[in-house]
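S.K.: Attaching a predicted model along with its sequence, questions to come.
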2 protein chains.
Amino acid sequence: VTDFIPRYSTPDSNRQVILARRPDGIPHAGDFETRVAALAKPEDGQFLVRNLYLSADPAQRGWAANPSLTPVGAPMRALAVGVVQESRDPEVAAGDVVYGFFGWQDYALATKDDLLSRISTPRVPVSYYAGVLGMPGVTAWLALNDLAPLIPGDPILVSTAAGAVGSIVGQIARQRGAYVVGLTGSDDKIHRCRCRFGYHAVFNYKAGDFAKTLAAARPDGFKVYFDNTGGSILDTAIRTMAKNGRIIQCGTAAIASWNPPPQGLRNEREVLMRALTWSGFYIFDHVARFGAAVDKLTDLMLTNGLNHDEEIDHGIEHAAASLEALFAGTNLGKKLMFVG
Amino acid sequence: VTDFIPRYSTPDSNRQVILARRPDGIPHAGDFETRVAALAKPEDGQFLVRNLYLSADPAQRGWAANPSLTPVGAPMRALAVGVVQESRDPEVAAGDVVYGFFGWQDYALATKDDLLSRISTPRVPVSYYAGVLGMPGVTAWLALNDLAPLIPGDPILVSTAAGAVGSIVGQIARQRGAYVVGLTGSDDKIHRCRCRFGYHAVFNYKAGDFAKTLAAARPDGFKVYFDNTGGSILDTAIRTMAKNGRIIQCGTAAIASWNPPPQGLRNEREVLMRALTWSGFYIFDHVARFGAAVDKLTDLMLTNGLNHDEEIDHGIEHAAASLEALFAGTNLGKKLMFVG
């Protein structure tokens, strides 16, 4: 990274990681450039956020592909945790810890529309508000509650089992008494699923006999499949579902590009014959419930416990390559860039 | 048909249409042979059914493919309407009209496990018990009730709109105040959808601009898609769904063979982003509710009215080619063979 400028050397300016060209599929480091902009002052209804942790999330692939969400030349649309430095919104106070759409930059001029949660008195490390208490954790919590009624003993299958969403799904399902089986892509992650997240069994979807192994693991089939990948993992998993099973479609991380939509196995006969219910969950349809979910999850974390791993790079210069790493699955924990 | 033997000439024997070879996909006339077997007497717990109407149903493709459901050399598994001629089951009386798995043959030795409904006093022509009051009608009724909560004005899309299931779905949805759009494959069937089944709009899925036409027909998208086809029609339809829409997967008539499963567009992103609920409905999971559903549908038919078209061939010799016609979509009504 050659154009790195330390934050402390530019107290009156705002380093930004901008989208330099529209990515073809997964965004790579070369799709971004760094620039230094002037630091603006908040107007009425706005507040100035000093970002602490920039987040890298799989949803950014879609945001980078969409010109109305991230114009070329603008800071990359991103979630971040920050502190309010100056506010001209009477309901937001300087010093509040906030989580929302603040972009890959040092400072954001934001309004309440950009906020997902506002925490006056943090009860956990503030980086957690971008992970277990942020979009990934709230997604896991709401999608499980809304779409996966679990009774003790129910077998549930979770893809991206060690990921930011999957690791929370696995732990909550276990706490509810389910038999929890995870899918992940490396021995390191299998180890973390077992030791950190409490999975009963974990399989590597890259192993040659994966379909057979999975079918043998639960001959009566899975009651619930919490899918964060789509693609061939979904095609295999759907063929291991129990009658009247439920699939929660929460992500499609295995698909490099949806333009044009790729081909895959036809699954409508599985839906019919197994009498499945396959539901989509899109977290940004549920923003109004975000704050309440964060409160519930914080209580759960501080009572029952929820393990949360983070992989934090220090410096904004790591943002550009972070999505590449995320989609390669090499990160071992929620991917954040500390820019405090 | 060269080996046709009139029923009246064989009063003590049983003409049977047997599966001569395992079909590759859709069963064709050449996959069947006719034979004349001896007529057996019922034993304790059995009753002898004299078949009146043999049914041709899309589900038979699956039954013909499955050696445990239809062994080669056995009568083709089929639904039929008949009259009980002799009974050694105390709960079934000679003279009862019955509908169930009686096979493509003149007579069936049956038990209660083969029965779907038993009608002591028919209120409609008995052939209706294989159509609007049989598996197709009960499927439409239960699947709509279970999986498609409709409020007046809701737009619903129905594939195989003129078919045995689709035509009932369309009429019930219209009676509930929905805006009903049908998909079918010929001008004749478009005409029947409009004049007989009350669809508000009907489109030919074979027309070149079908995807555009359908999107333009309901720019806000469909709340419900009742799918009897799967395949590329499903791929197009799913991309016209409204947020939080529901898909009912009730059939896959567009797919010639599931072995091996064919490829198609990946649809998991549509499920996720549109927050759809895609549910399978397999009628034979609901056999316990069949009789009650027939009663309800009969009431509905005799009060609100339900139009029901039939295409009845006279003679068992027409059975062998009936599935071919069904999957070609050339029939104009519920396909039956009268063997009375």
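M.R.: Here it is on my side, so go on.
S.K.: Give me the most central residue, chain A.
M.R.: To find the centre residue of chain A, average its C-alpha atoms and take the closest one (C-alpha atoms, centre = their mean): that gives A:Pro136, at 4.1 Å.
S.K.: who in chain A is up against chain B?
M.R.: Within chain A, the positions lying close to chain B (C-beta under 8 Å from any C-beta of the partner chain) are A:227, A:230-231, A:234, A:243, A:249-252, A:255, A:258, A:261-282, A:285. All C-beta spots, glycine's among them, are computed from the backbone N, C-alpha and C.
S.K.: what sits against the residue nearest to the centre of chain A?
M.R.: Listed by C-beta atoms under 8 Å, 6 or more residues apart in numbering or on different chains, the contact partners of A:Pro136 are A:Asp57, A:Gly163, A:Ala164, A:Val165, A:Ile168, A:Lys334.
S.K.: Closest one of these to B:Phe197?
M.R.: Minimum separation from B:Phe197 among the contacts of A:Pro136 (C-beta to C-beta) is found for A:Val165, which lies at 44.7 Å.
S.K.: ok, that closest one - contacts?
M.R.: By C-beta under 8 Å, 6+ apart, the residues touching A:Val165 are A:Pro136, A:Gly137, A:Thr139, A:Ala140, A:Asn228, A:Cys250, A:Gly251.
S.K.: Where does the prediction get shaky in chain A?
M.R.: Chain A contains residues with pLDDT under 70 at A:1-6, A:8-10.
S.K.: run the last query once more with 50
M.R.: Within chain A, the stretches with pLDDT under 50 are A:1-2.
S.K.: Can you show me the helices along it?
M.R.: With DSSP state H applied, chain A shows helices at A:60-65, A:135-147, A:166-175, A:187-195, A:210-217, A:231-238, A:268-273, A:290-303, A:322-328, listed in chain order.
S.K.: Need the winner for burial among those.
M.R.: Ranked by average neighbour count under the criterion mean count of other C-beta atoms under 10 Å in any protein chain shown, those are headed by helix A:166-175 at a mean of 26.
S.K.: got the angle for that helix vs helix A:187-195?
M.R.: Helix A:166-175 runs at 30 degrees relative to helix A:187-195, counting by axes from the mean of the first three to the mean of the last three C-alpha atoms, to 10 degrees.
S.K.: Helix A:166-175 to helix A:290-303, inter-axis angle?
M.R.: For helix A:166-175 against helix A:290-303, the angle by the same axes, to 10 degrees is 60 degrees.
S.K.: CA-only coordinates of helix A:166-175 in PDB, if you can.
M.R.: Output of helix A:166-175 as PDB, limited to C-alpha atoms (Å, rounded to 0.1, in the frame of the first residue of the first chain):
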ATOM      1  CA  GLY A 166     -23.100 -18.600  10.900                       C
ATOM      2  CA  SER A 167     -21.100 -18.600  14.100                       C
ATOM      3  CA  ILE A 168     -24.000 -16.800  15.900                       C
ATOM      4  CA  VAL A 169     -26.700 -19.000  14.300                       C
ATOM      5  CA  GLY A 170     -24.800 -22.100  15.500                       C
ATOM      6  CA  GLN A 171     -24.400 -20.800  19.100                       C
ATOM      7  CA  ILE A 172     -28.100 -19.700  19.400                       C
ATOM      8  CA  ALA A 173     -29.400 -22.900  17.900                       C
ATOM      9  CA  ARG A 174     -27.200 -24.900  20.400                       C
ATOM     10  CA  GLN A 175     -28.500 -22.900  23.300                       C
END
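S.K.: by contact count, what packs against it?
M.R.: Judged by 3 or more C-beta pairs under 8 Å, 6 or more residues apart in numbering or on different chains; DSSP states H and E, helix A:166-175 is in contact with helix A:135-147, strand A:155-158, strand A:179-184, helix A:187-195, strand A:222-227.
S.K.: redo that, cut-off 10 Å
M.R.: helix A:135-147, strand A:155-158, strand A:179-184, helix A:187-195, strand A:222-227, helix A:290-303 (3 or more C-beta pairs under 10 Å, 6 or more residues apart in numbering or on different chains; DSSP states H and E).
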